[in-house]
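[1] What shape does this take:
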Amino acid sequence: MDKWTSGAAYDQWMGRWSRLLADEFLNWLSLPSHLRWLDLCCGSGVLTKAIVDRFAPARVAGVDASAEQIRFAREHRNGPAVSFETGDAMALPFDEASFDAIVCGLGLNYVPEPERALLEMRRVAVPGGVIAIYVWDYAGGARFLREFWDAAAATDRKALAYDQGRRFPLCNPEALRKLFERACVEQVRVRALDITTRFTSFDDYWQPFLTGQGSAPNYLETRDELTQNAIRKRLRDSLPTDAEGVIELPARAWAVCGRR
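    Residues are numbered from 1 along each chain as shown. Alright, predicted model coming up:
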């Protein structure tokens, strides 16, 4: 149901919002410079680059299951202290206690066994090291996605099987806290990351859904033209638009942080 085969298409679909969330997330962590970082499920490297720009890390390793995303990250977000490699979040290719900070942005819910991944994150963290993730609030807080899924479900009942709000019950504060506590992560904190997604026009909102990358675009790609057009019309009619055609929607992610 989820396809991640192009770093460039992912950046068009999610990159601008990933950058805003990365800034909010790193502001919250407020860690010192020159640490050793692991960016798990790094995708096209948006969070990796934000770490480099903000913290001058001694090292930052980006790991993702998608070879295509890693190839894009190497081409566009590489640097002297940066390395990118393909890898399994549930079996990390690093020794115990290798990193001071391990983070995962918008990816843990796509790992088949999130608890195994979190145990691996804990294993490769130094004692007292930071472990932190963030995920979209798919059920209600990420309005640009929620509006799409509600329109899709009203048009095509099969959309319900793809809807991330139904598929990812992990993505709420209580479930995230319990996940960290089961993995024996200590000093657990949870907070909302709130941004505004601003689209200059309806086309600016709609075009990224045609990239085929991620859950919603991949779902749309599998529908016939009649269904696609019906979803598009419903959204055009329902989205809040100002006099200049601008669409602004609040978007929330949930972040959780703790220490080994």
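[2] who are the neighbours in contact with the most centrally placed residue in the chain?
    Centroid-nearest residue in the chain, with CA atoms, centre = their mean: residue 106, separated by 1.8 Å. Listed by CB atoms under 8 Å, 6 or more residues apart in numbering, the contact set of residue 106 reads 14, 18, 21, 41, 43, 134, 135, 136, 253. Glycine gets a C-beta too; all of them are placed from N, C-alpha and C.
[3] now swap in residue 249 and tell me
    For residue 249, counting by CB under 8 Å, 6+ apart, the contacting residues are 143, 144, 147, 196, 197, 199, 239, 240.
[4] So it, which state does it fall into?
    Classification of residue 249 using DSSP: H, G, I helix; E, B strand; the rest coil returns strand.
[5] so what pLDDT did it get?
    For residue 249, the pLDDT comes out at 97.
[6] one step back: of all the contacts of residue 106, which comes closest to residue 31?
    When these are ranked by distance to residue 31 (CB to CB), residue 134 comes first, at 14.8 Å.
[7] wait, doesn't the closest one sit right on residue 21?
    Yes. Between residue 134 and residue 21 there is a contact under CB atoms under 8 Å: 6.5 Å.
[8] got any residues that touch both of these two?
    Contact criterion CB under 8 Å, 6+ apart; residues shared by residue 134 and residue 21: 105, 106, 193, 253.
[9] Distance-wise, check the second one relative to residue 258.
    This points to residue 106. Relative to residue 258, residue 106 is positioned 18 Å away (CB to CB, to the nearest Å).
[10] what do you get for residue 13?
    Distance, residue 13 to residue 258, by CB to CB: 30 Å.
[11] Equivalent analysis for residue 173, please.
    Per CB to CB, residue 173 is found 13 Å from residue 258.
[12] higher neighbour count, the two?
    Remark: of residue 173 and residue 258, residue 258 carries more neighbours, 23 against 14, as counted by other CB atoms under 10 Å.
[13] Now the more buried one. Nearest residue, chain neighbours left out?
    residue 185 (3.7 Å; CB to CB, 6 or more residues apart in numbering).
[14] same thing with residue 186?
    That would be residue 259: by CB to CB, 6+ apart, it lies 5.3 Å from residue 186.
[15] How about the one you found: which residues does it bridge to?
    Counting by DSSP bridges, residue 259 is bridged to residue 130, residue 186.
[16] swap in residue 59?
    residue 36.
[17] mind checking which helix or strand of the chain has the lowest mean pLDDT?
    helix 7-10 (a mean of 76; mean pLDDT, DSSP states H and E).
[18] What helices and strands are in contact with it?
    helix 67-76 (3 or more CB pairs under 8 Å, 6 or more residues apart in numbering; DSSP states H and E).
[19] starting at the chain centroid, how far to the helix it packs on?
    In this view, helix 67-76 has its centroid 16 Å away from the chain centroid, taken as CA atoms, centre = their mean, to the nearest Å.
[20] Convert the C-alpha atoms of that helix to PDB, please.
    Provided in PDB are the C-alpha atoms of helix 67-76 (Å, rounded to 0.1, in the frame of the first residue of the first chain):
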ATOM      1  CA  ALA A  67      17.800   2.000  -2.100                       C
ATOM      2  CA  GLU A  68      16.200   4.600  -4.300                       C
ATOM      3  CA  GLN A  69      15.700   7.000  -1.400                       C
ATOM      4  CA  ILE A  70      19.300   6.400  -0.200                       C
ATOM      5  CA  ARG A  71      20.700   7.100  -3.700                       C
ATOM      6  CA  PHE A  72      18.800  10.400  -3.800                       C
ATOM      7  CA  ALA A  73      20.000  11.300  -0.300                       C
ATOM      8  CA  ARG A  74      23.600  10.600  -1.200                       C
ATOM      9  CA  GLU A  75      23.300  12.800  -4.300                       C
ATOM     10  CA  HIS A  76      21.600  15.800  -2.600                       C
END
